[in-house]
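>>> Here is my input; please provide its structure:
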Amino acid sequence: MGRKAGRLHISPKKFGSLQKPCMKEMITFLNCLALNHNSDEKCVRQKDLLNTCMDAQTSKSRKPWGSINYHLQRLSRGRK
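This next block holds a predicted model:
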């Protein structure tokens, strides 16, 4: 799945397990929703924790250039 004929491609499955920053908060929020039959009013604390974690992740500086697959395809086009 990660390899294509004639093109360079990196499988994203290898890199999926590197970083999952808000996984614990999301699991606690989803467990709270499951226990309370999808009632948001009873899971306000878990929802706030998840929102603060997600906001902290978006404020981190991201690399302005695209994904590695985009650059590999761009380089392979230039070689032809």
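>>> can you give me the helices for the chain?
23-35, 44-59, 68-79 (DSSP state H).
>>> Put together JSON lines for these, with mean neighbour count and mean pLDDT on each row.
Where you see a C-beta, it was placed from the backbone N, CA and C, and this is true even at glycine. Below are the helices of the chain laid out as JSON lines (neighbours: other CB atoms under 10 Å; pLDDT from 0 to 100):
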{"stretch": "helix 23-35", "mean neighbour count": "14", "mean pLDDT": "93"}
{"stretch": "helix 44-59", "mean neighbour count": "13", "mean pLDDT": "87"}
{"stretch": "helix 68-79", "mean neighbour count": "11", "mean pLDDT": "75"}
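>>> Hmm, Cys53 and Pro21 touching each other?
Yes. With contacts counted by CB atoms under 8 Å, Pro21 reaches Cys53, the gap being 6.8 Å.
>>> Give me the common contacts of the two.
When CB atoms under 8 Å, 6 or more residues apart in numbering defines a contact, no residue borders Pro21 and Cys53 alike.
>>> Next, the contact list for the closest residue to Thr28 other than its chain neighbours, please.
Computed as CB to CB, 6 or more residues apart in numbering, the closest residue to Thr28 that is not its neighbour in sequence is Gln46, at 5.1 Å. Taking CB under 8 Å, 6+ apart, we find Gln46 in contact with 25, 28-29, 32.
>>> go with 7 Å
Contacts for Gln46 (CB atoms under 7 Å, 6 or more residues apart in numbering) come out as 28-29, 32.
>>> Out of these, which comes closest to Ser76?
The nearest member of the contacts of Gln46 to Ser76, counting by CB to CB, is Phe29 at 41.8 Å.
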